[in-house]
Structures are given as C-alpha cells and as structure tokens.
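Q: build me a structure from this.
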Amino acid sequence: KDIVKLAVEMPGRVAQFLDFNQRRPLPDIIAKLCDHWGLESPEEYALQYSDGSQAYITEKNRAEIKNGAILRLTTSPSKTVREILVLPTKDALMKLARGSSDTTFALEFVHRNGVPLLVDMVVEGTATG
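A: Predicted coordinates:
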C-alpha cells in the first residue's frame, strides 16, 4: 500500500499519471513534477485535491490518498498568502475565501499575521481591483 496510482493536473499542462510513493518525501514528488513541467522554485508549489474539497496534501493527510485520485499542482499556501498580503485586491480576497476552509492554508495565513490585514480591508474597504 506504499504506492498509490493517481493523476496530477495543472491548468494548461498535460496531466501526469504517476505511482505516488507514500514513503517518498512530498517535496521530492513536487520537485519531480515541477521539473517535468519546466517549473522553477518547486518549494512554491503544493499538491491539492482536484475535487470540491481542494484540500492541500500534507505529510499528515497523504495516507488518505486513494488509488485513482486526481490531484492538482498549485501554488503553495505560503506563496498564495504572500501574494494576498503584498497586494490585497478583490481577487486576493477571492483566493483567501477559497483557501480559508483548508487548515494548512488558514494556519499559514494566521502565521503570517494576515488577520489584522483582513480586518482592515473589511472595515476600511481598502481592497482594490
């Protein structure tokens, strides 16, 4: 049960079918996918379920991945939160709304002191775009 057969998709790219080795570190798997698709900075990417939950795959929940799962390579919670904090636009708020139901994303947002910015944006109506 160490190997799970799944697909990984990314917008604008051909999906990759792979044998997901549960014993291999997640950063190594992501780096291999990034290399295949010619993406730099694999630390800025993460895997996420493609279904409605869109939960990020972490070392803690990776054992729950089932054969036939479809994952998506997307920006990491860290990079997404940085983008939101640097340029707090309405689009950024939409990203925040989509990601906030995921524990990994929410913790990253709180860790980077995003809550005060969010409160200011809501109270003052400072979101642009």
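Q: what is the burial count for Ala55?
A: As a burial measure, Ala55 scores 17 neighbours (other Cβ atoms under 10 Å). (C-beta placed from N, C-alpha, C; glycine too.)
Q: and if you look at Thr89?
A: Thr89: 14 neighbours (other Cβ under 10 Å).
Q: cool, the one 10 residues further on as well?
A: If you count neighbours by other Cβ under 10 Å, Gly99 ends up with 22.
Q: give the contact list for the closest residue to it other than its chain neighbours.
A: Spatially, and ignoring its direct neighbours in sequence, Gly99 is nearest to Phe105 (3.8 Å; Cβ to Cβ, 6 or more residues apart in numbering). Taking Cβ atoms under 8 Å, 6 or more residues apart in numbering as the criterion, Phe105 is in contact with 56, 77, 80-81, 99.
Q: widest-spaced pair of those?
A: Largest separation among those by Cβ to Cβ: Tyr56 and Val81, giving 12.1 Å.
Q: these two: which has the busier surroundings?
A: Higher neighbour count among Tyr56 and Val81: Val81, with 25 against 20, using other Cβ under 10 Å.
Q: what mean pLDDT does the strand or helix carrying the more buried one have?
A: Assigned by DSSP states H and E, Val81 falls within helix 77-86. Mean pLDDT, helix 77-86: 86.
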